[in-house]
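K.L.:
following is a predicted model, sequence given first.
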Amino acid sequence: MTVLSVQKLTVSYRKNTVLHDVSFDIPQGSLTGIVGPNGAGKSTLLKSILDLHPPVSGSVTFFGSTFQKQKKRIGYVPQRGSVDWDFPTNALDVVTMGLYGQIGWLKWPTRRHRAKAMEALEKMGMSEYADRQISQLSGGQQQRVFLARALVQEADLYFMDEPLAGVDAATERAIMAILKELKEKGKTVMVVHHDLQTVKDYFDHVLLLNHTVIKHGTTEEVFTAKNLTETYGGTLKVMKEGVDHVQLITQ
């Protein structure tokens, strides 16, 4: 079953085209890494799919319908750098915000809602920080809190924009364990990812992006030296065939 279909999507910022003629389908129960060079449009792709930035043309359907009709089934973890971490709120409140679709706006969360949020924090190893202001958390702890907020939504389709960027090794392992658990439960996850060394271990599908889709499919089929060279151009040096080792070099 196709849970997400993107067809001929073109996106611009002012007069600059960031994405051109992007098309792909995402199957249910897949864990897909979105991979490409800096400035390739990876974050823009997520924002356009989620109706946060209007496309110039093209279409996006979720479970055969529109975003507005299916948004309760969709979870999103933005880049950590795009969040105002100085906002005066604690970790438990941040996670509880993920339940607003169930609570309803202008209504107070019940004891049941807060218990559910605490359960998600505990799953991410963050229950002891529930009352801690988010500005006082480390980068890895902040990322765990935002993942807990997405988990508490109990979505069917998750989008995550570089959830592993700048986190410690323990947090990276914890996040990937949760993402693989979601996949095993039949959920679908798309992750913007930057570390080529871990792609084969982390994802069963890969979308190679550089302003348009270079290749998309299973990791075994798509994550090859040839396709990576086409995606990254002269900025990529493949150290060993089979992409067991790759090295990014700046020009």
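P.N.:
Okay, I see it. Just so you know, these numbers come straight off a predicted model, no measurement behind them.
K.L.:
biggest helix in the chain by residues?
P.N.:
The longest helix of the chain (DSSP state H) is helix 169-184.
K.L.:
what segments of the stretch 151-251 of the chain are helices?
P.N.:
Using DSSP state H, counting those that start in this stretch, the helices assigned to the stretch 151-251 of the chain run over residues 169-184, 199-202, 219-222, 225-232.
K.L.:
any idea which of those helices is most buried?
P.N.:
Taking mean count of other CB atoms under 10 Å as the contact definition, the stretch among the helices of the stretch 151-251 of the chain with the greatest mean neighbour count is helix 225-232, which reaches a mean of 18. (Each C-beta comes from the backbone N, C-alpha and C, glycine too.)
K.L.:
CA atoms only for it, dumped as CSV, please.
P.N.:
Taking C-alpha atoms only, helix 225-232 is exported to CSV below (Å, rounded to 0.1, in the frame of the first residue of the first chain):
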residue,chain,number,x,y,z
ALA,A,225,28.6,3.9,-5.7
LYS,A,226,27.3,4.9,-9.1
ASN,A,227,24.1,6.5,-7.7
LEU,A,228,25.9,8.3,-4.9
THR,A,229,28.4,9.8,-7.4
GLU,A,230,25.5,11.0,-9.5
THR,A,231,23.9,12.5,-6.4
TYR,A,232,26.9,14.2,-4.9
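K.L.:
contact partners for residue 207?
P.N.:
Applying CB atoms under 8 Å, 6 or more residues apart in numbering, we find residue 207 in contact with 24, 32, 33, 34, 35, 190, 213, 215, 216.
K.L.:
what of residue 118?
P.N.:
92, 95, 127, 130.
K.L.:
how much space is there between it and residue 126?
P.N.:
Per CB to CB, to the nearest Å, residue 118 is found 10 Å from residue 126.
K.L.:
and stretch 217-231, end to end?
P.N.:
Using CA to CA, to the nearest Å, the end-to-end distance of stretch 217-231 comes out at 14 Å.
K.L.:
same thing with stretch 21-33?
P.N.:
When the end residues of stretch 21-33 are compared by CA to CA, they are separated by 19 Å.
K.L.:
need the mean per-residue confidence for that stretch.
P.N.:
The average pLDDT for stretch 21-33 rounds to 97.
K.L.:
and for stretch 110-123?
P.N.:
89.
K.L.:
just the buried positions in that stretch, please.
P.N.:
By neighbour count on 16 or more other CB atoms under 10 Å, the buried set for stretch 110-123 is 113, 114, 116, 117, 118, 120, 121, 123.
K.L.:
now the helix or strand hosting residue 122 and helix 169-184, what's the angle there?
P.N.:
Element membership for residue 122, per DSSP states H and E: helix 111-123. When axes from the mean of the first three to the mean of the last three CA atoms, to 10 degrees is applied, the directions of helix 111-123 and helix 169-184 differ by 120 degrees.
K.L.:
where along this protein do the strands fall?
P.N.:
Along the chain, counting by DSSP state E, strands occupy 2-13, 16-27, 31-35, 57-62, 74-77, 157-161, 188-192, 205-209, 213-218, 236-240, 245-248.
K.L.:
alright, that wraps it up for me.
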